[in-house]
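S.K.: need a structure here:
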Amino acid sequence: MTKKQISGLTLVLFIALSIFYCNGGGNGGNGGNGTPDTVISDPSFSSNIQPIFTSNCALSGCHNSTAQEGLNLSPGLAYANIVNVDSTQDTQQPVRKRVEPGDSANSYLVIKIEGNQTVGTRMPQGRSPLSSVQIQNIKNWVDRGAKDN
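M.R.: Next up, the predicted model:
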């Protein structure tokens, strides 16, 4: 292989890798954080919602095995800890569910990630807020019944 061929091959490889990483690093155009960058009308819990929790919430000192507010959002545990479960922080009576299937407007998880809570702080605490796309996907999942799929 000549020097000119090697230079051409290097350029092609550089361009291919640039495109790969600019499009989410092989994660389907999701910015590399395991969550989609487009609104999904009927998101799947395991494919679209759990990755949001895993990369933003189920972290050391937050909602993982140390479970702030008794809420572990780790894979395999998150669904059972949020759907139809009373909030331990909400002061409204009757107490809101963390996730009320079919009703994102009254689901405490949505209220917290949107920053509309009256108790505590916006989630994720101490980190950048979720993107509007991530929040909309969570709301769509809740509004479509918060299925365990």
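S.K.: the helix or strand Asn140 falls within - contacts with which helices or strands?
M.R.: Element membership for Asn140 (DSSP states H and E) is helix 132-143. For helix 132-143, the packing partners by 3 or more C-beta pairs under 8 Å, 6 or more residues apart in numbering; DSSP states H and E come out as helix 50-56, helix 108-114. All C-beta atoms are positioned from the backbone trio N, CA, C, and that covers glycine.
S.K.: just want the most central residue of this structure.
M.R.: Ile52 (1.6 Å; C-alpha atoms, centre = their mean).
S.K.: just checking, Leu130 touches Gly115?
M.R.: No: between Leu130 and Gly115 there is no contact, the gap being 10.0 Å when judged by C-beta atoms under 8 Å.
S.K.: which one of those two is surrounded by more residues?
M.R.: The neighbour comparison of Leu130 against Gly115 (other C-beta atoms under 10 Å) goes to Leu130, with 22 against 12.
S.K.: how about the secondary structure of that one?
M.R.: coil (DSSP: H, G, I helix; E, B strand; the rest coil).
S.K.: residue contacts, the nearest residue to it once chain neighbours are set aside?
M.R.: Spatial nearest neighbour of Leu130, excluding adjacent residues (C-beta to C-beta, 6 or more residues apart in numbering): Ile113 at 5.3 Å. Neighbouring residues of Ile113 by C-beta atoms under 8 Å, 6 or more residues apart in numbering: 122-124, 129-130, 135, 138.
S.K.: could you redo the last one with a cut-off of 10 Å?
M.R.: Counting by C-beta atoms under 10 Å, 6 or more residues apart in numbering, Ile113 touches 52, 56-57, 107, 122-124, 129-130, 134-135, 138-139.
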